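Chemist: all I have is the shape, not the residue letters:
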């Protein structure tokens, strides 16, 4: 529903690799043509510093902000988007 309301464009993709160098995911930047309202509980991705991508935690967080860009973390092994890793 979040993506359908603003019809974003992909602004960038950054690969995420495990310690063996295998591509396991990506952070995908999405720019909206006009600000949208993030309001409610959203899954927010946290990767502990100096940890493998597999140490990802997804923590529900209440957000109430107008944003123009979101960054979504996609996990290839799980074949799904895990949650937001940034917004502004």
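Modeler: Cool, got the structure. For clarity, every value in this text was computed on a predicted model and none was experimentally measured.

Chemist: so for the residue minimising distance to the centre of the chain, what's the pLDDT?
Modeler: The chain has residue 72 as the residue nearest its centroid, 1.8 Å off, counting by CA atoms, centre = their mean. With respect to pLDDT, residue 72 has a value of 95.

Chemist: how far away from the center of its chain is whichever strand or helix holds residue 28?
Modeler: Counting by DSSP states H and E, the element that carries residue 28 is strand 23-46. Centroid separation for strand 23-46 versus its chain: 4 Å, with CA atoms, centre = their mean, to the nearest Å.

Chemist: show me what the helix or strand just after that strand is packed against.
Modeler: Note on strand 23-46: by DSSP H and E, the next helix or strand toward the C-terminus is strand 57-75. Counting contacts by 3 or more CB pairs under 8 Å, 6 or more residues apart in numbering; DSSP states H and E, strand 57-75 packs against strand 23-46, strand 80-87. Where you see a C-beta, it was placed from the backbone N, CA and C, and this is true even at glycine.

Chemist: coming back round to it: next up, the contacts around the residue nearest to the centre of the chain.
Modeler: Going by CB atoms under 8 Å, 6 or more residues apart in numbering, residue 72 touches 27-28, 30, 81-85.

Chemist: how close does it get to residue 46?
Modeler: Distance from residue 72 to residue 46, counting by CB to CB, to the nearest Å: 14 Å.

Chemist: and for residue 6?
Modeler: 25 Å.

Chemist: residue 3 now?
Modeler: 22 Å.

Chemist: ok, residue 64 next?
Modeler: 20 Å.

Chemist: more neighbours: these two, which one.
Modeler: residue 46 (15 against 8; other CB atoms under 10 Å).

Chemist: gap between the residue found closest to that one once you drop the neighbours it is linked to in the chain and residue 34?
Modeler: Nearest non-adjacent residue to residue 46, counting by CB to CB, 6 or more residues apart in numbering: residue 57, 4.7 Å away. Going from residue 57 to residue 34 by CB to CB gives 32 Å.
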